[in-house]
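*Asks:* Pasting the sequence and the predicted model now:
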Amino acid sequence: MTNNDNELEFLKEQLNAILESSYDGIYITDGEGRFLNINSRLLEMAGYRREDVIGTRAQDLVKTGVINKSIIEMVIEKKERVTITQTLKGRTIKEIMVTATPILDRNRKIKYIVANVRDMTDLIYLENECKKAETLSKQYYLELMKERGYSGKIVAESEEMKKIVQLAYRVAQVDSNILLEGESGTGKEVIARFIHEVSPRNKAPFISINCAGIPESLLDAELFGYEEGAFTGARKGGKVGLIELADEGTLFLDELNSLPISLQGKLLRVIETFEITRLGSEKSKKINFRLIASTNKDLKELVNKGLFREDLYFRVNTVPIILPPLRQRKEDIIPLALHYLQYFNNKYNSHKDLSINTFKYFEAYNWPGNVRELKNVIERLVVMTENDVITEKDLPTELIDSLSNDKFQIIIRDIVPLKELIEEAETKLIKLAMEHCHSTREAAKALKISQTSIVRKYKKVREKLET
Ligand SMILES: Nc1ncnc2c1ncn2[C@@H]1O[C@H](COP(=O)(O)OP(=O)(O)OP(=O)(O)O)[C@@H](O)[C@H]1O
């Protein structure tokens, strides 16, 4: 054997090793599409024997129905690399992706075509498995929520919410007064209703009164009721007050912080004596209810400012339950979103789904309006999104901005005095720090200023926000 023969043998061995070790199928044809070589992986995919294929034309496989279109024909026509997906009918039907590359001679005539065949069945299978796992995990969330959320109404996935639900369940069994504290939309009414539902009073009414929702001039009559002729315009036969309607059941005073000071003493008497006297009446009536109050302001602070009676505060605050804002219990965000997605799908008879990509935006957003805001966003998405899958493109800008890498975004629309601008920025920063930190010490550390400074500045911010 000459040196050249040895080298040729060596190269042939290497080529064979490449062809046979490839995970993909590979075949080589001449310029007219006749099979010159085909590796075992492709023979295995197609269910052919090598000797039956070598010398036949790849294009003819379309006629026999083995493949649905011929990539070789396309390459011969275009004289350039082509990639397509094909259906291959071998022992089983497979989806394959083929890339065929022409090798040209000096005269730009096709000498060989080398094709690479990838079995997509595994990938498609994996993709389907991922989709199934995604659907399953969503279903699992929903099941779990139903199980723990008591009749599917309370979503409590975070440790904080689970503890609150457990505490609410325990205190529901006794008659103590409960004060629910938390920002607007955190679920105070949801917890109040839950307490009523699981309490021994659940067969009697749950009366919810929003102290900020009834005009002050009507509140007295609405709460305590009146006798016929008690005042001009009083209804014939009088009216039963809302508090009286709660007899044997639960009275929920929402936004108690908004109850005018003039009515606070009257309410305190009712709570202490469990007796109610209608306007214009001499007689009092015994009633029996459990009181749950809620506040979205710091009642203790209102007491300090003389805006809320201290004796009433102590009365209602037997068991305080504090609902943290949604941004401090992020584990609840996705379960809530999925819960409301199902709710609004049922309501609007739609089949919308949230793509997994949207989750990171939901989790990053601050949710100043808490669960109420999240519920509204989901409703809007279900109603307004055209496609069945809601993607990040459909999300409101505030959610998209929440994932922006900028630590802050400054938009100035008008020329204003510098001092005003700096004050505005400072107010926002102080407010944000106090929302996120657990104490003024922590906030002072985060802002790199002294604790006395933050206390002073925060006082100013609150005064500014309240005016
Ligand atoms: N844990 C929860 N699971 C399911 N839905 C919730 C949950 N928390 C709140 N919601 C929903 O969010 C909305 C706002 O809740 P809710 O009215 O109880 O808040 P709130 O704290 O009483 O607000 P406000 O102080 O403004 O009265 C409601 O539609 C409620 O059903």
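*Replies:* Everything's here; your move.

*Asks:* who touches stretch 167-176?
*Replies:* Under the contact criterion CB atoms under 8 Å, 6 or more residues apart in numbering, stretch 167-176 has outside partners 178, 191, 194, 195, 196, 198, 199, 200, 290, 318, 319, 321. For glycine as for every other residue, the C-beta is placed from the backbone atoms N, C-alpha and C.

*Asks:* Also stretch 321-335?
*Replies:* 141, 144-145, 155-161, 164, 167-168, 171, 178-183, 186-188, 191, 336, 359, 362-363, 366-367, 370-371, 374, 435-436.

*Asks:* change it to 6 Å
*Replies:* Here stretch 321-335 makes contact (CB atoms under 6 Å, 6 or more residues apart in numbering) with 141, 145, 155, 157-158, 160-161, 180-183, 186-188, 359, 362-363, 366-367, 370-371.

*Asks:* pretty sure residue 332 is in a helix, no?
*Replies:* Yes: the assignment for residue 332 by DSSP: H, G, I helix; E, B strand; the rest coil puts it in a helix.

*Asks:* where does this protein have its least confident helix or strand?
*Replies:* The helix or strand of the chain with the lowest confidence, counting by mean pLDDT, DSSP states H and E, is helix 150-153 at a mean of 53.

*Asks:* quick check, stretch 192-207 touching the ligand?
*Replies:* No: judged by CB under 6 Å from any ligand atom, stretch 192-207 makes no contact with the ligand; its nearest approach is 7.6 Å.

*Asks:* Give me the distance from that stretch to the chain's centre.
*Replies:* Distance, stretch centre to chain centre, for stretch 192-207: 29 Å (CA atoms, centre = their mean, to the nearest Å).

*Asks:* With respect to residue 225, which of the contacts of stretch 167-176 is nearest?
*Replies:* In terms of CB to CB, no member of the contacts of stretch 167-176 lies closer to residue 225 than residue 290, at 19.4 Å.

*Asks:* Close to the ligand: what parts of the stretch 251-400 of the chain are there?
*Replies:* 254, 294, 296, 336, 371, 372, 375.

*Asks:* Just say helix, strand or coil for the fourth one.
*Replies:* Under the three-state scheme (three-state DSSP), the conformation of residue 336 reads as helix.

*Asks:* Excluding covalently adjacent residues, which one is nearest to it?
*Replies:* Closest residue to residue 336 apart from its sequence neighbours, by CB to CB, 6 or more residues apart in numbering: residue 155 at 4.8 Å.

*Asks:* any idea how far the one you found lies from the ligand?
*Replies:* Plainly put, residue 155 is 4 Å away from the ligand if you go by CB to the nearest ligand atom, to the nearest Å.

*Asks:* shift numbering so it begins at 37
*Replies:* With 37 as the first residue, the last one maps to residue 191.

*Asks:* you'd agree that residue is up against residue 373?
*Replies:* No: between residue 191 and residue 373 no contact is recorded; they are 9.4 Å apart, counting by CB atoms under 6 Å.

*Asks:* What's the separation between the residue in the stretch 337-486 of the chain positioned nearest to the ligand and residue 305?
*Replies:* Nearest residue of the stretch 337-486 of the chain to the ligand: residue 407, at 3.5 Å (CB to the nearest ligand atom). Computed as CB to CB, to the nearest Å, the residue 407 to residue 305 distance reads 35 Å.

*Asks:* ok, those two, which is more surrounded?
*Replies:* Taking neighbours as other CB atoms under 10 Å, residue 407 and residue 305 compare with residue 407 leading, 22 against 15.

*Asks:* thought the more buried one was touching residue 218?
*Replies:* No: Residue 407 lies out of contact with residue 218 (CB under 6 Å); the separation is 10.3 Å.

*Asks:* Residue 191 and residue 373: which has the busier surroundings?
*Replies:* For residue 191 versus residue 373, the count of surrounding residues by other CB under 10 Å is larger for residue 191: 27 against 23.

*Asks:* Need the CA coordinates for the regular element (helix or strand) spanning residue 347. CSV is fine.
*Replies:* Residue 347 belongs to helix 346-352 when assigned by DSSP states H and E. The C-alpha coordinates for helix 346-352 follow below in CSV (Å, rounded to 0.1, in the frame of the first residue of the first chain):
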residue,chain,number,x,y,z
GLU,A,346,-59.3,56.4,72.4
ASP,A,347,-61.9,54.4,74.3
LEU,A,348,-63.5,53.3,71.0
TYR,A,349,-60.1,52.3,69.7
PHE,A,350,-59.4,50.1,72.7
ARG,A,351,-62.9,48.6,72.4
VAL,A,352,-62.6,47.6,68.8
